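*Asks:* Model the following, please.
(chains A and B)
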Amino acid sequence: MSWLLPLPVVIPLLAGALNTVLDHVAPKWMHHAVTLGAMATALGFSIVILIQSMSSETLHWFGGWTPRSGVALGIAFAADPLGAGAAVFTCALTLVALVYSVTFIEGEQRKYDVLMSAVCAAVCGFALSADIFNLFVWLELVGVAGYALTGFDVRRVRALQGALNFSIVNSVGGYFVLTGIGLLYARTGALDLAQIGRTLAGQHANGVVIVAMALIVSGFLCKAAVVPFHFWLADAYAVAPAPVCLVLAGILTDIGIFGIARVWFTVFDAPFGTHQRLVGDTLLWLGICTALLGGVMALLQSNVKRLLAYSVICHIGIILAGVALLSSKGVAGAATMVLAHGFLTGGLFLACGILVVRRAPRWLAGLWFAGTLALIGPPYIGIYLGHALIDDAAAEAGRHWPQPLLWLAGALAGAALLRAGVEVFWRGEHDDVGLEEPREARVGVLVACTALLLVAGAVTSLVPGLGQRAHYGADRFRARAEYADRVLHDRPMKTTPHLPVVLQPTSAESLAYASGATLLAVLVALLSLWRPRLARRSVLRPAVAGLRAVHSGVIGDYVTWMVVGTAVIGGVWAIGLR
Amino acid sequence: MSVLPYLVAAWICLVGLYGIVTSRHLVHLALCLTITQSSTYVLLLAIGYVKGGGPPIFKGVKLGTTAVDPVVQALTLTDIVVSVAVLALILALALDVHERAGTMDPDEIAELKG
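*Replies:* Prediction:
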């Protein structure tokens, strides 16, 4: 059933095209019916693809250009469980965002829907693509639609600033990726991931490959908003409309990490497999720094949406750390965490949207605090399972220092969110909530979408069998040789092991860390409510001022940081990987 | 194969990045971004160049004639399309900034910080 594979990409794109044609001709309800219907259909097909992919990689060669004697000239989609899972997740989140937008978005709603469909299609294409140049093209399509959606409210200069920072930094990142792809093509003469990996496996890794890897990884780190490439994210997410933030935070940031994992496990694992530790440690340190910086910056914010944006940065750091351990458990933890984090952060962003419509209703406080707690991850709630798997992976790799640092970072971000909840719902003192103008909307629909996401996120860790399936998916994701056999020679996969449907057991260490982090978050939140000016008066003042000054909002500074970051990563690898 | 085109590509990329970093005008900034991108065109075409190769059009040409790599040319075309879309969007945003804020200096519109 390989013809199914392109459908999650094709259907939203067709719906977008149809809506553009029908603009000003068809009534509004028909336009909503087309968009929502297409998204629901795409969701259905992507679920079928996910179920199929559990037993074997489904392949689709466009135009029937199948490989001949192991040489691929055509372009393929290949669905592995994690890729197909990403497509399902994308379609689901976009569907919820679009339902929310029906009543929330004012003005140019048709164009808005077309852009959202394009984002969904492009992310699905990114998740399923088996061709490195297509990864770049989908990434740019996601980007262009994302920039336009961020600056959707063109009446506000801040929205324009956010969109400009987002677009320029990410475009430069995209060019880095493209340059890396060009160098890889020069070295291997191939664009198919499996083919590149196989060619490089037989060669000694030279400078060209190292530079290519540094450029590609830096470009993806830019999309993922990892330190020091993260500056654009807070500017963009603070100004985008709430349902756009759901899609941006839930999916767009994560695909950067997905891209790194994809190219590492299919391409660079072969030439650099013996240097795994250096590459992994570089990414691990970047992840930990990102998580800690995100947590600290979240505590310093006075605007709810910008605070949430820094909390996204914090969790992206934790997810990157999971992938950086380069083991199945780490990747499984990262994948599970993407799921829970996308639901929860998305739900909190939607709650910010409700604040725009109604001024701080008390009943929303319950949802806010529940979502925030789940985002900290007390045992078996919210992001806990993913985080615990990452802990296990770190322990298996013989490392015991990343766990406390990552839990600490999460607790700081959580504390900031708890404090913001009290300030918004009880004291009503958060200035300029969400930076948007008040408007009319049907609150019932908004609350239903928000509650749906927050509940889904909170119970993710309790889904029986999820951890085991994520682990199996990660095993498949990492198996380079089998992947190449399957893609290039169409060999059948080994049979699927029987996966139990039980709760994933976690270590006592994780249980302790999770409880400790929850307690710490509550304590820090109370402290910052009791002494709000503590950070500005104490010995911390120069550090705080320095951090604020670095996040200057100026594009030139951001691009400088990017170039320096890329140069440092490239330099470290050039010295260490020879 | 000469190393010159690769040096040119690196030079164009660095010049473009320098322009972005120091830019005080949004239109200038958008053009610098395009310059950075054009380094990828040079790089891709240099990768596909074959000494003595003709254009990769094989109709009416003797079998075995040397031609440059058509794949990188296709990549370059795709790249140009992407770049035009991004450039158009950034210029549109710049126009809106000029209308709302009355300035084109990216440093002056930095309302969000810290």
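*Asks:* how near is B:T65 to A:V71?
*Replies:* As judged by CB to CB, to the nearest Å, B:T65 and A:V71 stand 22 Å apart. C-beta coordinates here come from the backbone N, C-alpha and C atoms, glycine included.
*Asks:* For chain B, which residues are neighbours of chain A?
*Replies:* Within reach of chain A by CB under 8 Å from any CB of the partner chain, chain B has these residues: B:13, B:17, B:20-23, B:26, B:29, B:33, B:36-37, B:39-40, B:43-44, B:47, B:71-72, B:75, B:78-79, B:82, B:85-86, B:89-90, B:93-94, B:96-97, B:100-101, B:106-107, B:109-114.
*Asks:* switch the cut-off to 7 Å
*Replies:* Residues of chain B found near chain A (CB under 7 Å from any CB of the partner chain) are B:17, B:20-23, B:29, B:33, B:36-37, B:40, B:43-44, B:47, B:75, B:78-79, B:82, B:85-86, B:89-90, B:93, B:96-97, B:100-101, B:106-107, B:109-114.
*Asks:* Quick one, which of those residues are buried?
*Replies:* Neighbour counting with 16 or more other CB atoms under 10 Å in any protein chain shown marks B:17, B:20-21, B:23, B:29, B:33, B:36-37, B:40, B:43-44, B:47, B:75, B:78-79, B:82, B:85-86, B:89-90, B:93, B:96-97, B:100, B:106, B:109-112, B:114 as buried within the residues of chain B next to chain A.
*Asks:* what's the longest helix in chain B?
*Replies:* Ranked by number of residues, the top helix in chain B under DSSP state H is helix B:70-101.
*Asks:* average pLDDT across that one?
*Replies:* For helix B:70-101, the mean pLDDT works out to 92.
*Asks:* What are the boundaries of the helices in chain B?
*Replies:* For chain B, applying DSSP H gives helices covering B:4-22, B:26-48, B:70-101.
*Asks:* Distance from the chain centre to stretch A:75-84, please.
*Replies:* In terms of CA atoms, centre = their mean, to the nearest Å, the centre of stretch A:75-84 is set 18 Å apart from its chain centre.
*Asks:* okay, that stretch in CSV with CA atoms only?
*Replies:* The C-alpha coordinates for stretch A:75-84 follow below in CSV (Å, rounded to 0.1, in the frame of the first residue of the first chain):
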residue,chain,number,x,y,z
ILE,A,75,13.2,10.2,-4.6
ALA,A,76,11.5,8.2,-2.0
PHE,A,77,9.2,8.5,1.1
ALA,A,78,10.0,5.9,3.7
ALA,A,79,7.8,5.6,6.8
ASP,A,80,9.4,4.3,9.9
PRO,A,81,7.4,4.3,13.2
LEU,A,82,8.9,7.5,14.5
GLY,A,83,8.6,9.3,11.2
ALA,A,84,5.0,8.2,10.7
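*Asks:* Contacts for it, please.
*Replies:* Residues outside stretch A:75-84 that contact it (CB atoms under 7 Å, 6 or more residues apart in numbering or on different chains) are A:5-6, A:46, A:49-50, A:53-54, A:57-62, A:127-131, A:134, A:192, A:335, A:472-474, A:476-477, A:487.
*Asks:* Quick check: which ranges of chain A have low pLDDT?
*Replies:* Applying pLDDT under 70 to chain A flags residues A:1, A:429-438, A:535-537.
*Asks:* mind checking the longest helix of it?
*Replies:* helix A:157-188.
*Asks:* Report the distance from that helix to the chain centre.
*Replies:* With CA atoms, centre = their mean as the basis, helix A:157-188 stands 17 Å off its chain's centre.
*Asks:* after that helix, next one along is what?
*Replies:* Counting by DSSP states H and E, the next helix or strand C-terminal to helix A:157-188 is helix A:193-201.
*Asks:* and the very next helix or strand once past that following helix, which residues are buried?
*Replies:* Using DSSP H and E, the next helix or strand after helix A:193-201 towards the C-terminus is helix A:207-224. Across helix A:207-224, burial judged by 16+ other CB under 10 Å covers A:209-224.
*Asks:* got the CA coordinates for helix A:207-224 in CSV?
*Replies:* What follows is helix A:207-224, C-alpha atoms only, in CSV (Å, rounded to 0.1, in the frame of the first residue of the first chain):
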residue,chain,number,x,y,z
GLY,A,207,37.5,17.2,6.1
VAL,A,208,34.7,17.7,3.6
VAL,A,209,32.4,15.3,5.5
ILE,A,210,33.2,16.9,8.8
VAL,A,211,32.4,20.4,7.5
ALA,A,212,29.3,19.1,5.9
MET,A,213,28.1,17.6,9.2
ALA,A,214,28.9,20.7,11.1
LEU,A,215,26.9,22.9,8.7
ILE,A,216,23.9,20.5,8.5
VAL,A,217,23.8,20.0,12.2
SER,A,218,24.1,23.8,12.9
GLY,A,219,21.4,24.6,10.4
PHE,A,220,19.1,22.1,12.1
LEU,A,221,20.1,23.5,15.6
CYS,A,222,18.9,26.9,14.3
LYS,A,223,15.5,25.5,13.5
ALA,A,224,15.4,23.8,16.9
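*Asks:* That one to helix A:193-201, inter-axis angle?
*Replies:* 140 degrees (axes from the mean of the first three to the mean of the last three CA atoms, to 10 degrees).
*Asks:* and helix A:207-224 with helix A:157-188, angle?
*Replies:* Interaxial angle, helix A:207-224 versus helix A:157-188 (the same axes, to 10 degrees): 160 degrees.
*Asks:* what about helix A:207-224 and chain B, any contact?
*Replies:* No - judged by CB under 7 Å from any CB, helix A:207-224 and chain B are separated, with a smallest distance of 10.3 Å.
*Asks:* so what secondary structure elements neighbour that helix?
*Replies:* Under the contact criterion of 3 or more CB pairs under 7 Å, 6 or more residues apart in numbering or on different chains; DSSP states H and E, helix A:207-224 touches helix A:157-188, helix A:253-263, helix A:555-576.
*Asks:* for the longest helix of chain A, packing partners?
*Replies:* Contacts defined by 3+ CB pairs under 7 Å, 6+ apart place helix A:157-188 against helix A:132-150, helix A:193-201, helix A:207-224, helix A:231-239, helix A:555-576, helix B:26-48, helix B:70-101.
*Asks:* ok but A:D391 is inside a strand, no?
*Replies:* No - using DSSP: H, G, I helix; E, B strand; the rest coil, the assignment for A:D391 is helix, not a strand.
*Asks:* What are the neighbouring residues in contact with it?
*Replies:* Residues near A:D391 by CB under 7 Å, 6+ apart: A:Q403, A:S507, A:E509, A:S510, A:Y513.
*Asks:* Going through those residues, which ones are buried?
*Replies:* Using 16+ other CB under 10 Å as the burial test, the contacts of A:D391 include A:Q403, A:E509, A:S510, A:Y513 as buried.
*Asks:* Next, the contact list for A:L344, please.
*Replies:* A:G371, A:A374, A:L375, A:G382, A:I383, A:L454, A:G457.
*Asks:* Quickly name whichever of those is closest to A:G421.
*Replies:* Within these, proximity to A:G421 (CB to CB) peaks at A:G371, which comes in at 9.3 Å.
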